[in-house]
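A.B. asks: From the sequence below, what's the structure:
(chains A and B)
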Amino acid sequence: MVSISYSILKKIPSKLGRAGTLTTPHGIINTPAFVSVGTKATVKALTPEQILATGAEVVLANTYHLYLEPGDERVKKLGGLQRFMNWHGPTMTDSGGFQVFSLGAAYGKELSKVVKITNPEQILQERSSEGETPRLANIGADGVSFRSHHDGTLHYITPEKSIDIQHNLGADIIFAFDECTSPAESLRYQEEALERTHRWAKKSLEYHKSKPNADTQALFGIVQGGRDEGLRKKSAEYISSLNFDGFGIGGSFAKEDMETAVKWVNEILPEDKPRHLLGIGEPEDLFMGVENGVDLFDCVAPTRNGRGGTLYTHKGKINIRNAQYREDAGPLDPECGCSVCKNYSRAYLCHLFRSHEMLGGTLGSIHNLYFIINLVKRMRQAILDGNFDEFKKEFLDRYSA
RNA sequence: GCGUCGGUGGUAGAGUGGUCAAAUACAACAGACUGUAAAUCUGUCGCCCAUUGGGCUUCGUUGGUUCGAAUCCAACCCGGCGCA
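C.D. replies: Numbers count the residues shown, from 1 in each chain, chains lettered A, B, ... in the order given. Reported below is the predicted structural model:
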């Protein structure tokens, strides 16, 4: 029995990009697609009905968070992730690998998923090591020990443990436990981390395949390797050699490193399996990813920005709290087809955010998710229509003007 | 009218002789956010220049005491409360 199946419908001529369909036990994902992030089994501020209305086809939850609260066993007992959160479409779970980074090397520092600086020298300076906040995640030989950020309890996650948790959660697509590294790490460290991630990938896969869940849940292996071409390619080759159902491309990037890294990897990954660029989702990055053969993206940006009042428009992002919108009776983005843009004024949204009303975060999330999901859908359509390049130029010219 | 307590930056509210252009919170004005430590976080917030920094004017009003006053004294103005 096969958990998922992927097929390509059309490619971007002489590029890696493609449009296809990914069939899961809980429905079809039309790729490329943007995956909504619902870390704790909720896309923050949205009901499943609202998630659906944004055009979302798939939701990604998090192993680490759900393991801590309410507990994966409990989720299993309550019918699994889909049933628990009342989301009936396809689901994914991240392995907790990102938390190795965010609660480890990046904890208490200026490091994040995408670093603006590109000069390696500068990135290395970001690595402040003395007397900093103690990490909540520490890497051991076979796994990672996490100090829970909400009750201080200690937890040890191994690749097998991560898979067990993800089996209990029951998402359609799950990820191998990996180590997301910072671009600030030395090449030597990247090598060491990559070896670890590869070892864990193999363990994750073997363990997964030994369980009946392998029939209903697909497992994606994650390519790492940082900013180094040799390591990235080595990782793509190694992960490709294992019998994963699909692939994730991970790591924290310097903004301008991202495109080359994605290219290196996707030139190697087998064409007939889906690829997921983990944690990426700003419009310009989505174009880059789609053009270079990425099928799936997930990113907290639309929802996190949406809750904070930074909203996407065809003319770039705006901060709806700004004074200039206080009496702006027009729609947020006249070119957007979402329910927020059709029914509410900028002035009203501005008021909601200024008065800290919950509805602000909800409407902001609905709009931003719709905007990003729809953007990727339009990219898909453009591939099918054979005019991806034109669409990309037309959109980005105005978006970044 | 008498007594009493009090009048501080947009607001609330610390401060009671120098380290005070004045804590803190809120508001205001901006900014950040990329596999969610996030309905979060950061900066600015008297005026004028400047990179550190410097100059000027502020704590009801006026006048004093003092090397030095938001802080002490006096008078006045305003408000709360109590008694007539």
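A.B. asks: Counting neighbours, what do you get for A:Gly250?
C.D. replies: Applying other CB atoms under 10 Å, we find 29 residues neighbouring A:Gly250. In this view, the C-beta of every residue, glycine as well, is placed from N, C-alpha and C.
A.B. asks: Correct me if wrong: it contacts A:Ile280.
C.D. replies: No. If you go by CB atoms under 8 Å, A:Gly250 and A:Ile280 don't touch, sitting 10.0 Å apart.
A.B. asks: Now do the contacts for the nearest residue to A:Tyr238 once chain neighbours are set aside.
C.D. replies: Spatially, and ignoring its direct neighbours in sequence, A:Tyr238 is nearest to A:His198 (5.3 Å; CB to CB, 6 or more residues apart in numbering). The contact partners of A:His198, by CB atoms under 8 Å, 6 or more residues apart in numbering, come to A:235, A:238-239.
A.B. asks: ditto for A:Ala106
C.D. replies: Counted by CB under 8 Å, 6+ apart, A:Ala106 has contacts A:112, A:182, A:252.
A.B. asks: Which member of the residues you listed is positioned nearest RNA strand B?
C.D. replies: A:Ser112 (3.3 Å; CB to the nearest atom of the strand).
A.B. asks: Which phi and psi values does that closest one adopt?
C.D. replies: The phi and psi values for A:Ser112, taken as degrees, to the nearest 10, are phi -150, psi -170.
A.B. asks: That one: neighbouring residues, count only.
C.D. replies: 13.
A.B. asks: wait, is A:Asp272 part of a strand?
C.D. replies: No. Under DSSP: H, G, I helix; E, B strand; the rest coil, A:Asp272 falls outside any strand and is assigned coil.
A.B. asks: which SS class is the nearest residue to it once chain neighbours are set aside?
C.D. replies: Among residues not flanking A:Asp272 along the chain, A:Tyr6 sits closest, at 6.7 Å (CB to CB, 6+ apart). Three-state assignment for A:Tyr6 (three-state DSSP): strand.
A.B. asks: Let me see the contact set for A:Tyr6.
C.D. replies: Applying CB under 8 Å, 6+ apart, the residues near A:Tyr6 are A:20-23, A:31, A:246, A:272-274, A:295.
A.B. asks: Selection in ChimeraX covering whichever of those residues are buried, please.
C.D. replies: The ChimeraX selection below is limited to those of the contacts of A:Tyr6 classed as buried (16 or more other CB atoms under 10 Å):
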select /A:20,21,22,23,31,246,273,274,295
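A.B. asks: Out of the contacts of A:Tyr6, the closest to A:Asp215 would be?
C.D. replies: For those, the minimum distance to A:Asp215 (CB to CB) is 14.5 Å, reached by A:Thr23.
A.B. asks: and that closest one, bridged to which residues?
C.D. replies: Counting by DSSP bridges, A:Thr23 forms beta bridges with A:Ser5, A:Ile28.
A.B. asks: Does it touch A:Ser3 like I think?
C.D. replies: No. Using CB under 8 Å, A:Thr23 is not in contact with A:Ser3, being 9.6 Å away.
A.B. asks: Residue ranges of each domain in chain A, please.
C.D. replies: Per automatic domain parsing, the structural domains of chain A span A:30-299, A:307-399.
A.B. asks: looking at these, which is buried most?
C.D. replies: domain A:30-299 (a mean of 20; mean count of other CB atoms under 10 Å).
A.B. asks: in chain A, which helix or strand is least confident?
C.D. replies: Within chain A, no helix or strand scores below helix A:120-125, which has a mean of 57 by mean pLDDT, DSSP states H and E.
A.B. asks: Which parts of the stretch 301-401 of chain A are helices?
C.D. replies: With helices called from DSSP state H, counting those that start in this stretch, the stretch 301-401 of chain A shows them at A:301-308, A:339-343, A:346-354, A:358-385, A:388-399.
A.B. asks: Residue of the stretch 201-350 of chain A closest to RNA strand B, please.
C.D. replies: For the stretch 201-350 of chain A, CB to the nearest atom of the strand, closest residue to RNA strand B: A:Gly279, 2.3 Å.
A.B. asks: quick one: contacts for that residue?
C.D. replies: A:98, A:113, A:250, A:298-300.
A.B. asks: re the thing from before, assign a three-state SS to the residue nearest to A:Tyr238, would you?
C.D. replies: helix.
A.B. asks: mind checking how far it is from A:Leu205?
C.D. replies: Using CB to CB, to the nearest Å, A:His198 is found at 11 Å from A:Leu205.
A.B. asks: How about A:Ala56?
C.D. replies: 28 Å.
A.B. asks: again, but for A:Leu349
C.D. replies: 46 Å.
A.B. asks: same check, this time on A:Asp295
C.D. replies: Going from A:Asp295 to A:Leu205 by CB to CB gives 20 Å.
A.B. asks: And for A:Leu269?
C.D. replies: The value you get for A:Leu269 to A:Leu205, if CB to CB is used, is 15 Å.
A.B. asks: so where's chain A uncertain?
C.D. replies: Applying pLDDT under 70 to chain A flags the ranges A:1, A:118-132.
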